[in-house]
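Asks: missing the sequence, but the structure's below:
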Ligand SMILES: [Zn+2]
């Protein structure tokens with residue numbers, strides 16, 4: 001877990017916003033940024049964002065619900081949300097754990113995700129949900 005990025009201390013409730021500011025979220029992050037990662041699945045490789053997760057109740061929309069757009073594909077389990085004004089991905093409901101949201105670490109107020117060292121890349125090409133039958 002990460003409690004500070006550069007000069008920015010992660011607050012117990014930290015705000016996140018899209019680029020234009022229309023969409024504002026509040027994230028409960030009592031343990032800071034937990035398990036930040038990138039992913040090489042077909043959508044993440046295009047957006048390139050560093051993502052971390054919170055339980056569903058720990059993400060609150062403060063404003064912008066009316067401009068938030070939802071995108072789904074393939075199994076339509078994951079729901080990807082982005083601002084329809086500026087196009088920035090803010091969060092998504094995870095496919096591998098639908099009880100969690102992934103969120104864009106770069107949207108956190110004051111956080112430069114490039115200052116987080118050694119962000120691992122998840123194997124999204126062979127998605128965990130596709131591997132359930134393959135593992136003994
Ligand atoms: Zn926006």
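Replies: Everything's here; your move. Note that the structure is predicted; figures quoted are calculated from it, not measured. Residues are numbered from 1 along each chain as shown.

Asks: Tell me which residues touch residue 93, please.
Replies: 56, 78-79, 100-102 (C-beta atoms under 8 Å, 6 or more residues apart in numbering). All C-beta spots, glycine's among them, are computed from the backbone N, C-alpha and C.

Asks: where do the helices sit along this protein?
Replies: Assigned by DSSP state H, the chain shows helices spanning 44-47.

Asks: Near the ion, which residues of it? Just list them.
Replies: Residues of the chain lying close to the ion by C-beta under 5 Å from the ion are 18, 20, 22, 83, 85-86.

Asks: still on that earlier bit, which among the contacts of residue 93 count as buried?
Replies: Neighbour-count burial within the contacts of residue 93 applies to 78, 100-102; the criterion is 16 or more other C-beta atoms under 10 Å.

Asks: re the thing from before, now the two most distant members of the contacts of residue 93.
Replies: 56 and 78 (13.3 Å; C-beta to C-beta).

Asks: quick one, what contacts residue 98?
Replies: With C-beta under 8 Å, 6+ apart, residue 98 has these contacts: residue 77.

Asks: any idea how far residue 53 is from it?
Replies: 11 Å (C-beta to C-beta, to the nearest Å).

Asks: Okay, and which of the residues of the chain next to the ion map to strands?
Replies: Among the residues of the chain next to the ion, the ones falling in strands (DSSP state E) are residue 83.

Asks: Of the residues of the chain next to the ion, which is the most crowded?
Replies: residue 18 (24 neighbours; other C-beta atoms under 10 Å).

Asks: thinking it is in contact with residue 81, fair?
Replies: No - between residue 18 and residue 81 there is no contact under C-beta atoms under 8 Å: 9.7 Å.

Asks: Next, show the common contact partners of the two.
Replies: What both residue 18 and residue 81 touch, as defined by C-beta under 8 Å, 6+ apart, is the set residue 90.
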